[in-house]
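# generate a structure from the sequence data that follows.
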Amino acid sequence: MDIKIDDLTGPEITELIKEHLLGMALNSPPESIHALNLEQLKGPEITLWSAWEGSELLGCGALKELDRQHGEIKSMRTATSHLRKGVAKRMLEHIIEEAKRRGYTRLSLETGSMNAFEPARRLYESFGFEYCNPFSDYKEDPNSVFMTKVLSS
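Okay, here's the model as predicted:
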């Protein structure tokens, strides 16, 4: 698996982000969707990586800098045809290592509270993320859960 920074211009990543946003729309009410669209993901505070096997896109994940010590995981998505193959696990490992390299002391995320998001929550729990209160600009929302992990260097 080759993980590389993505400039978000290729047709494969465009389609995967569309799939991600559709998945959010199918499983969350509009006011509880915090996924970023393609243009928002191009912001200077965000780095998005894509995972490839040859010319086939396996998944993606992003890291948003909230401040010099705190990052947020965004847009974790595995292509439907590659679910349950370890893509998300490898991407999460990559993002955590990058957050440590940047000197972040904390990494946080928001995900859904519904059953459809249970696999994601289990993955984050397995990496030591703990449930927490809303962070950054998030507000309490029964459709969202917030998780955080203190990073050691």
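# so in the chain, which strand runs the longest?
The longest strand of the chain (DSSP state E) is strand 56-67.
# list the buried residues in it.
If you call a residue buried by 16 or more other CB atoms under 10 Å, then strand 56-67 has these buried ones: 57-66. From N, CA and C alone the C-beta is placed, and that goes for glycine too.
# after that strand comes which helix or strand?
Helices and strands here follow DSSP states H and E; after strand 56-67, the next one along the chain is strand 70-78.
# mind giving me the packing neighbours of that following strand?
helix 11-27, strand 46-53, strand 56-67, helix 87-101, strand 106-112 (3 or more CB pairs under 8 Å, 6 or more residues apart in numbering; DSSP states H and E).
# what's next to the longest one, contact-wise?
Spelled out, it's helix 11-27. Identification of contacts with helix 11-27 by CB atoms under 8 Å, 6 or more residues apart in numbering yields 6, 8, 33, 35, 37-38, 41, 48, 50, 57, 59-60, 75, 77, 79-80, 112, 114, 116-117.
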